[in-house]
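Trainee: missing the sequence, but the structure's below:
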C-alpha cells in the first residue's frame, strides 16, 4: 500500500497559457502525471531541465510559501515562481503530515530574514544570519526534519561540504524510516546514493526512472575521481 503523503501529481495543460515558457521545457511539457511510491524521491537533470520548476510547483500546490519555509510562512520578496502550480493537482494519501518544510537554496536568505521577524519569546530565532550558509542549512534540518513529515528540498547540498552532505543524508534517511516523505531536486552524487530512493531523471527530453549509476552526477564524479589527470589533459588543452 502506498503510504506517502503525496502519492501522485497530474497536470492539466489546458490551464497553462499557450505562450507560457513552461511549454518549452522539454521534460515537463509532455508530463501528464507522476507517481510517488517511496519515502524518498530525487529529481535529477542538467540545469534548465525543469526539476526545480516542478518541485516548486508541487510545494506551492501543497500549501508552502513559494520562497520556502513551513506552511506558516506567508511573505513575498520577489514573485518569481511559475504558474505551473495552478495547473497541478495533487493526490494525497490517507495520512496527515505532522510537519513540513520547503527548502530552496536560492531564496533561503529571505526565509532566514523572515524567521527572525516571526520569532518571539515562545519561538526564539535560530539566528541563521549569524551562522555560515552551511551551518544554517543543517540547523534547519535538525529543527524541522522529523518523522511523519513532508519535506521538499531544492538543491540542499548547495551550501554543504561533502562531509556535511553525509550528515544531511543521515538525517533524511532517519526521518524517512520514521514515516517522512522527501522530494528532492539535487546534483549531489552523495545524497543520490541513498538506497531505496526513487530517482527521476529530467534528461533526454522526458521524465523517467533511472538508477543511481546512470545519473550524470555519479558518472561525471566517478570519471573525474578515477581519471582526473587524463580528463584534465583533454579539457585544458
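Mentor: Perfect, I can see it now. On a predicted model such as this, the values are computed, not experimentally measured, just so you know.

Trainee: give me phi/psi at residue 34?
Mentor: Here is the backbone geometry of residue 34 (degrees, to the nearest 10): phi -150, psi 140.

Trainee: again, but for residue 157
Mentor: Residue 157 adopts backbone torsions of phi -80, psi -10, taken as degrees, to the nearest 10.

Trainee: just to confirm, which helix or strand has the nearest residue in space to it that is not next to it in sequence in it?
Mentor: Spatial nearest neighbour of residue 157, chain neighbours left out: residue 188 (3.9 Å); criterion: C-beta to C-beta, 6 or more residues apart in numbering. In short, each C-beta sits where N, CA and C put it, glycine included. Take DSSP states H and E as the rule and residue 188 turns out to sit in neither a helix nor a strand.

Trainee: can you offset everything so residue one is 25?
Mentor: Happy to do that; since the first residue is 25 now, the last one works out to residue 212.

Trainee: all helices of the protein, in order?
Mentor: Secondary structure of the chain, counting by DSSP state H: helices at 50-53, 75-86, 132-142, 157-168, 186-201, 240-250, 252-259.

Trainee: Tell me what angle the longest one forms with helix 157-168.
Mentor: It refers to helix 186-201. Orientation check (axes from the mean of the first three to the mean of the last three C-alpha atoms, to 10 degrees): helix 186-201 against helix 157-168 gives 20 degrees.

Trainee: buried sites along helix 186-201?
Mentor: By neighbour count on 16 or more other C-beta atoms under 10 Å, the buried set for helix 186-201 is 188-189, 191-193, 195-197, 199-200.

Trainee: helices or strands up against it?
Mentor: The helices and strands touching helix 186-201, judged by 3 or more C-beta pairs under 8 Å, 6 or more residues apart in numbering; DSSP states H and E, are strand 64-68, helix 157-168, strand 205-209.

Trainee: would you turn those into CSV with distance to residue 45?
Mentor: CSV is the format used below for the helices and strands packed on helix 186-201 (distance: least, C-beta to C-beta, whole Å):
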stretch, distance to residue 45
strand 64-68, 19
helix 157-168, 29
strand 205-209, 18
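
Trainee: Comparing those by mean pLDDT, which bottoms out?
Mentor: When the helices and strands packed on helix 186-201 are compared by mean pLDDT, helix 157-168 comes last with a mean of 82.
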